[in-house]
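Asks: Test case, fold it:
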Amino acid sequence: MALPLMPKATAVWLVENTSLSFEQIAAFCGMHSLEVQAIADGEVAVGMVGLDPIANGQLTKQEIERCEKNQDLRLKLLVADLPQVASRSKGPRYTPITKRGDKPDAIAWLLKHHPELSDAQVCRLIGTTKPTIAAVRDRTHWNVANIKPRSPVMLGLCSQRELEEALALAIRRGGVPRSPEDAAEDFYGEGRDDDRYSEQEDAH
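Replies: The predicted structure is shown next:
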């Protein structure tokens with residue numbers, strides 16, 4: 001059974017933000033219900049920042065609400081049926097022409113949700129360049145008004161496993177995961193409205 005990205009951090013978020021049962025959260029995150037209960041009691045994952053599965057495109061609010069109404073139901077992972085990108089060894093990543101316009105959206109999503117990733121890691125994950133990352137970060141990209149942060153996993157630019165491995169490596173190297181609110185404030189700046197971005201492909 002496919003598991004969500006960073007299962008324990010996802011469990012932390014579900015415990016803190018939903019009324020799902022420990023069994024439902026445990027089944028979705030591939031954990032034991034007693035471990036989920038320990039998270040709720042503050043005995044496990046103390047200080048861990050929860051990972052929002054809705055923001056990551058792995059769950060919908062409607063799916064959570066559906067399972068909150070009936071504890072016998074189980075959450076369904078949205079990305080479970082996505083085709084996985086095969087693991088690569090060395091060399092540049094080839095991106096189909098039809099998906100190249102999605103790269104700025106993926107960069108914006110990674111900068112917003114996972115600022116602990118280095119530019120080099122972002123380059124390897126989605127096959128982009130450091131100047132493009134800098135342009136999106138500084139909002140000097142030629143198509144900045146039409147960039148909308150979207151998960152690179154949902155866009156098919158990298159696999160869930162590759163993203164999870166990159167995040168784990170970033171944390172081992174000293175990167176500190178931050179809450180989506182803090183990361184969004186750093187990326188967009190105070191008072192910036194995410195909805196100003198409208199979805200449109202980058203022609204490059």
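
Asks: Output the below-cut-off pLDDT ranges for the protein.
Replies: 1, 79-100, 175-204 (pLDDT under 70).

Asks: hmm, try it at 50
Replies: 80-91, 95, 97-98, 178-204 (pLDDT under 50).

Asks: If we ignore the residues flanking it in sequence, what's nearest residue 155?
Replies: Among residues not flanking residue 155 along the chain, residue 102 sits closest, at 4.6 Å (Cβ to Cβ, 6 or more residues apart in numbering). Every residue, glycine included, has its C-beta placed from N, CA and C.

Asks: how close does that neighbour get to residue 77?
Replies: Per Cβ to Cβ, to the nearest Å, residue 102 is found 21 Å from residue 77.

Asks: pretty sure the residue nearest to residue 155 is touching residue 158, no?
Replies: No - counting by Cβ atoms under 8 Å, residue 158 is not a contact partner of residue 102; they are 11.3 Å apart.

Asks: Name the residue in the two with the higher neighbour count.
Replies: Between residue 102 and residue 158, counted using other Cβ atoms under 10 Å, residue 158 has the larger neighbour count: 24 against 21.

Asks: What are the structural domain limits within this structure?
Replies: 7-81, 97-196 (automatic domain parsing).

Asks: Helix or strand: which one has residue 67?
Replies: helix 61-68 (DSSP states H and E).

Asks: One more: residue 122?
Replies: Going by DSSP H and E, residue 122 is in helix 119-126.

Asks: for this structure, what spans make up the helices?
Replies: Using DSSP state H, the helices of the chain run over residues 7-17, 22-29, 33-40, 61-68, 97-100, 103-113, 119-126, 130-137, 152-155, 160-172, 180-188.

Asks: Tell me which residue lies nearest the centroid of the chain.
Replies: residue 56 (3.9 Å; Cα atoms, centre = their mean).

Asks: OK, contacts around that residue?
Replies: Residue 56 sits next to 4-5, 113, 151, 153 when contact means Cβ atoms under 8 Å, 6 or more residues apart in numbering.

Asks: just curious, which of those is nearest to residue 25?
Replies: residue 4 (10.4 Å; Cβ to Cβ).

Asks: Count the neighbours of that closest one for me.
Replies: 26.

Asks: In contact with it, which residues?
Replies: If you count contacts by Cβ under 8 Å, 6+ apart, then residue 4 has 10, 28-29, 51, 53, 56, 58-59, 77 around it.

Asks: any idea how far it lies from residue 65?
Replies: Distance from residue 4 to residue 65, by Cβ to Cβ: 17 Å.

Asks: Then residue 101?
Replies: 33 Å.

Asks: Which one's more surrounded, the two?
Replies: Legend: neighbour count by other Cβ under 10 Å for residue 101 and residue 65, higher for residue 101 (17 against 11).
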